[in-house]
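Chemist: Output the structure for:
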Amino acid sequence: MEKKPPSVNDLALSMQNSGIPHELLVKEARLAIAEGDWESMEERVERLQRSFIQPVVNATGVLLHTNLGRASWGIPQSHFSSNIEFNLNDGNRGSRQTSIGNLFAQLCGTESAMVVNNCSSAVLLVLSALATGQGVAISRSELVEIGGSFRVPEILELSGAYLVEVGTTNKTRVVDYQKAIEAHRNVAMALKVHQSNYKIVGFTEETTVEELSSLNLPLVADIGSGLLDSSCPWLSTGAPEWLAGEPAAKQTLQSGADLVTFSCDKLLGGPQAGIIAGKSDLIEKCLRHPFARVLRPGSHTLVSLQELALRYLHRDGDKIPFWRMACFREDELLLRAENINAGEVTTMDSVPGGGTLPTVVIPSIGLKLPGDRSKELRRGVNGGLPIIARVQDGDTYLDFRTINPDHDELVAAALENLG
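Modeler: Numbering: from 1, shown residues only. You can find the predicted model right below:
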């Protein structure tokens with residue numbers, strides 16, 4: 001005889017200790033009963049819990065893992081209001097952009113700066129504010145697509161500007177820009193886009209920022225990944241070798257760019273946001289555009305960025321988790337891995353990730369577990385934090401370069417309980 005299903009309410013109440021709101025448990029109970037699968041209610045609730053955004057340990061070896069929020073940066077917590085648009089000096093309304101803009105202008109060695117939701121927003125706002133109804137000259141080798149189907153030609157169309165293609169896929173010279181500008185006669189700006197997630201190699205030629213600055217047009221450089229200064233003055237050891245050739249905001253502006261745009265959650269090491277930095281008159285045009293309000297960040301993002309900027313200005317890279325982890329020496333990683341009595345200590349390669357430095361690998365040390373244990377680690381062993389590892393050739397690898405050392409005890413406990 002077929003077993004009679006429980007009532008929806010009784011099934012929901014049976015999971016009330018899960019911490020899931022009753023309304024969601026009722027919804028899950030209805031689905032379980034409708035599918036004749038009410039005996040799997042506990043598993044369903046666990047699956048629902050895992051669907052919520054929550055802390056995880058990144059052991060993948062990808063420092064800026066897009067699926068894990070890219071840069072590891074703490075979320076500011078406060079039960080107070082903030083003076084986000086209130087001037088404490090005169091008691092009048094203030095701007096959410098002024099203070100944070102000044103900090104990033106200082107970091108970039110330029111006149112002005114502002115913050116938007118992400119780098120894509122920054123590019124859209126600049127194009128909309130400076131080139132609507134006019135042409136934008138871009139090399140054919142820089143008509144990129146990044147994650148989420150962000151394509152430069154489509155963003156140009158959305159902004160109301162139109163594309164003026166310059167040069168060829170593999171070679172673009174400054175004379176190609178000059179010819180294109182003369183031919184169209186309505187070109188408002190030149191846009192240089194960093195090839196952040198791919199490389200063109202072989203018979204190639206690229207026009208430099210210095211060369212483009214001679215065009216007598218506003219020059220905007222989308223450097224993407226958010227390196228502030230190629231000398232990395234916030235690191236006591238100086239710039240790591242693997243950063244060689246990566247464009248930095250300060251040097252790009254010094255070379256003649258009028259504006260730079262870049263992400264905050266990549267090499268900058270902060271929350272998701274985008275920076276526009278450069279000449280104050282162009283920043284002012286961006287601030288006055290209606291999109292500036294549409295794309296503006298909230299108070300939590302700004303407070304978080306402010307804390308990050310101050311750490312950079314204090315030149316304290318050890319307090320920026322991305323740089324702390326990226327710059328660990330191999331002997332330090334080896335000691336951490338050996339202190340965890342589990343698996344086989346082995347060498348491995350980390351990568352920057354997040355659409356940055358696509359050909360770079362950084363030597364690392366980690367643990368190798370026989371077999372695929374990724375599901376067990378991902379579920380959180382004995383109620384611990386989920387640990388996201390990588391599986392290669394059927395075995396499980398935990399890379400200590402991407403594990404915050406403050407989390408080593410969590411990893412040790414999980415591996416001990418994993419058995």
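
Chemist: List the contacts of stretch 383-395.
Modeler: 50, 54-61, 65, 68, 368-374, 377-381, 396-399, 407, 410-411, 413-414, 417 (Cβ atoms under 8 Å, 6 or more residues apart in numbering). Every C-beta, even on glycine, is put in place using the N, C-alpha and C of the backbone.

Chemist: filter those residues to the buried ones?
Modeler: Taking 16 or more other Cβ atoms under 10 Å as the criterion, what is buried in these is 56-61, 65, 68, 368-369, 373-374, 377, 380-381, 396-399, 407, 410-411, 414.

Chemist: who's in contact with Phe352?
Modeler: One thing to correct before we go on: residue 352 is Pro, not Phe. Counting by Cβ under 8 Å, 6+ apart, Pro352 touches 62-64, 242, 267, 326, 360, 362.

Chemist: pLDDT on stretch 52-66, on average?
Modeler: For stretch 52-66, mean pLDDT rounds to 95.

Chemist: Only alpha carbons, please: show that stretch as PDB.
Modeler: Once non-C-alpha atoms are left out, stretch 52-66 reads as follows in PDB (Å, rounded to 0.1, in the frame of the first residue of the first chain):
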ATOM      1  CA  PHE A  52      22.500  30.900  -0.300                       C
ATOM      2  CA  ILE A  53      25.500  33.300  -0.700                       C
ATOM      3  CA  GLN A  54      27.900  32.400   2.100                       C
ATOM      4  CA  PRO A  55      31.600  32.300   3.000                       C
ATOM      5  CA  VAL A  56      33.700  29.700   1.400                       C
ATOM      6  CA  VAL A  57      37.400  28.800   1.500                       C
ATOM      7  CA  ASN A  58      39.100  29.200  -1.900                       C
ATOM      8  CA  ALA A  59      41.600  26.400  -2.400                       C
ATOM      9  CA  THR A  60      41.400  26.400  -6.200                       C
ATOM     10  CA  GLY A  61      44.700  28.000  -7.000                       C
ATOM     11  CA  VAL A  62      42.800  30.900  -8.800                       C
ATOM     12  CA  LEU A  63      43.500  34.000  -6.800                       C
ATOM     13  CA  LEU A  64      40.800  36.100  -8.400                       C
ATOM     14  CA  HIS A  65      38.100  33.400  -9.000                       C
ATOM     15  CA  THR A  66      35.200  35.100 -10.600                       C
END
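
Chemist: hey, where'd the helices end up in the stretch 51-200 of the chain?
Modeler: Using DSSP state H, counting those that start in this stretch, the helices of the stretch 51-200 of the chain run over residues 98-108, 119-131, 152-159, 174-184.

Chemist: just the stretch 201-350 of the chain next, same as before
Modeler: Using DSSP H, counting those that start in this stretch, helices in the stretch 201-350 of the chain cover 209-212, 249-254, 280-288, 291-294, 299-313, 321-326, 330-338.

Chemist: From the contact counts, what lies against the longest one?
Modeler: Based on contacts counted as 3 or more Cβ pairs under 8 Å, 6 or more residues apart in numbering; DSSP states H and E, the elements that helix 299-313 packs against are helix 98-108, strand 112-116.
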